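Student: Please find the sequence and the predicted model below.
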Amino acid sequence: MLLNGFDNQTSAHNRGPVEEPEIRSEFGHLLVIIAYPSTAFFLNDREITINWWLTGRGWPMKLYRYRSLNCQTIETLCTDQLYFSSPADFNDPMDCRPSVKEDSDKDSLKKILIELVSRRVKQETLDALSKANLKHKEGAEGYAEKLSIGAAQYEIEHALHLAHMELDEGHEYDVGEAESSCLISFIETELLKRYEHGVCCFSSVDDCLLLWSHYGDEHRGICIGYESDNEIDKNLMKVEYGAKHEVLTSYILDVLLSNDKDKQLKLDRAVLCYKAPSWKYEKEWRMIDKLGLRPSPLILKDVTFGLRCSCVLKYVVCIALEGYENVQFFEMTREVGNHKLKKNKVNLERLRTCYPENNYKKLIETKEMFAEAVRLAEGND
C-alpha cells in the first residue's frame, strides 16, 4: 500500500490491512507512523521511522561527492575516509568570506578583535606545547595566556596605526571612521583564521551535468554516494544561497561573550555555509572537521562512473572495493534525444572478461601502479 509516497509492507507482526488515509503533510506522515506502530513504512526502499521524522527528514536521502579519479580518491574509498579541504583552496574566492557589518561602537570592535586574537593565539600556543610534550609543564597555561594577551594588544595597535596612516595619505575619513574601518578589516581576517578547519562538500544530486564537469574531472571521474544513519551530526550543514553574506559585529560579540553553543553554530553557518545564488544548482551540503583525511561518519553506498570514465579505471575501482558489502556500482550514459544523464548498473562480469583479475590484481596494490593506470587510460582517450 502506498501512503503518499510511503510503501506499507506487511509482515508476520503486522496487525493486518490498514485503510489508506489521505496524507497531505509531513505531520500527517508522523500521525500514520504513530497510529500503526507495528506496520513498516518505506520511502524509496528505506524504512521510515519516528526517529527519521524527528531527526533526518530535513536531510537528503543520499549525499553525493563528485571526485576526480586519482590516487587520493582511491585511498579515501579503500580506507573509508573523507578529505577535508581548506576553504582557502575553494574555486569561489568569496566562499567562506562574509562581510562584517558594523553595528557596534569602537570599544566593542576592539573587544571583538581582542577576544578573537587572544583565543586563537592561546590555542595555537597550547597545541604547539602539546606537540612538544610541554603542555602539562608548570607555567605552560600562564605562558600561553601571556602570549595571547600580547598578540591581541599588538593587533589593536597595528589596526589603529594603519588607520592613522590612511588619514596621513589624505583619505577623506574622520579619525573614528578610519579606526572602525581598520578594526572591521582585522576582524574579518581573524574570522577566517578562526575557521581554519577543513570542509568536505557534498551534493544532494548525482546527475548534474555541471557538477560532473566542474568536480568530476569533466565526466572522467566518479560520484560517490553516501547515506547517513539518521543520527544528527551538527558537523553536517546545508548551504544557503543568497545575495547577502554578512555578519553583524554585535552578534559576533554576543557569541564570544556568551559561549552559547547554539549561537556559535549559527555563526559557523553564517561564515561557512552561505554562497552566491549562481551556485544554487550545486544543492550543496557541507561537513566540517580537521584538515586532511578523516574517518567517514557516513555509510558508503555506491560509486557512479562518469560518462567518459575509462573501462580500465572502472575495473580497478570495482576490484578495489570488492570486499565492501552492499556497495553498488553504476555508470552514466546519455539519455537518447536530450541532455540528461541516465544511471545504469555496471556489468562487472563483462569487465572481468576484458580485464582478467590475475593481470590487474597488482595494479591496485600501490599508488604508483594506480597512477600508471591513470596515465595509460588518459593516453587512450
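Tutor: Received, thanks.
Student: switch to C-alpha atoms for all contacts and neighbour counts from now on
Tutor: OK.
Student: Validate this expectation: Asn344 resides in a helix.
Tutor: No - using DSSP: H, G, I helix; E, B strand; the rest coil, the secondary structure at Asn344 is strand, not a helix.
Student: So it sits against Arg334, correct?
Tutor: No - here Asn344 lies out of contact with Arg334, judged by C-alpha atoms under 8 Å, at a distance of 10.3 Å.
Student: Determine the number of other residues adjacent to Leu183.
Tutor: Look at Leu183: counted by other C-alpha atoms under 10 Å, it has 26 neighbours.
Student: Now it: closest residue in space that isn't a chain neighbour?
Tutor: Ala159 (5.8 Å; C-alpha to C-alpha, 6 or more residues apart in numbering).
Student: any idea which element that neighbour lies in?
Tutor: Using DSSP states H and E, Ala159 sits within helix 140-168.
Student: in that helix, what counts as buried?
Tutor: 140-141, 144-145, 148-149, 151-152, 155-156, 159-160, 163-164, 166 (16 or more other C-alpha atoms under 10 Å).
Student: Same check on stretch 267-286?
Tutor: Neighbour-count burial for stretch 267-286 flags 267-275, 282, 284-286 (criterion: 16+ other C-alpha under 10 Å).
Student: Columns secondary structure and pLDDT on top of those residues, output as a markdown table?
Tutor: Converted to a markdown table, the buried residues of stretch 267-286 look like this (DSSP: H, G, I helix; E, B strand; the rest coil; pLDDT from 0 to 100):
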| residue | secondary structure | pLDDT |
| --- | --- | --- |
| Leu267 | helix | 84 |
| Asp268 | helix | 81 |
| Arg269 | helix | 81 |
| Ala270 | helix | 82 |
| Val271 | helix | 83 |
| Leu272 | helix | 83 |
| Cys273 | coil | 86 |
| Tyr274 | strand | 87 |
| Lys275 | strand | 90 |
| Glu282 | helix | 94 |
| Glu284 | strand | 95 |
| Trp285 | strand | 93 |
| Arg286 | strand | 92 |
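Student: In the stretch 1-150 of the chain, where is pLDDT below threshold?
Tutor: 1-59, 135 (pLDDT under 70).
Student: give me that answer again for 80
Tutor: For the stretch 1-150 of the chain, applying pLDDT under 80 flags the ranges 1-61, 88, 134-138.
Student: now the helices for it?
Tutor: Taking DSSP state H, counting those that start in this stretch as the criterion, the stretch 1-150 of the chain carries its helices at 26-35, 50-51, 71-78, 106-131, 140-168.
Student: between those helices, which one is nearest to Gly198?
Tutor: helix 71-78 (15.3 Å; C-alpha to C-alpha).
Student: Which elements pack onto the closest one?
Tutor: Counting contacts by 3 or more C-alpha pairs under 8 Å, 6 or more residues apart in numbering; DSSP states H and E, helix 71-78 packs against strand 81-84, helix 367-380.
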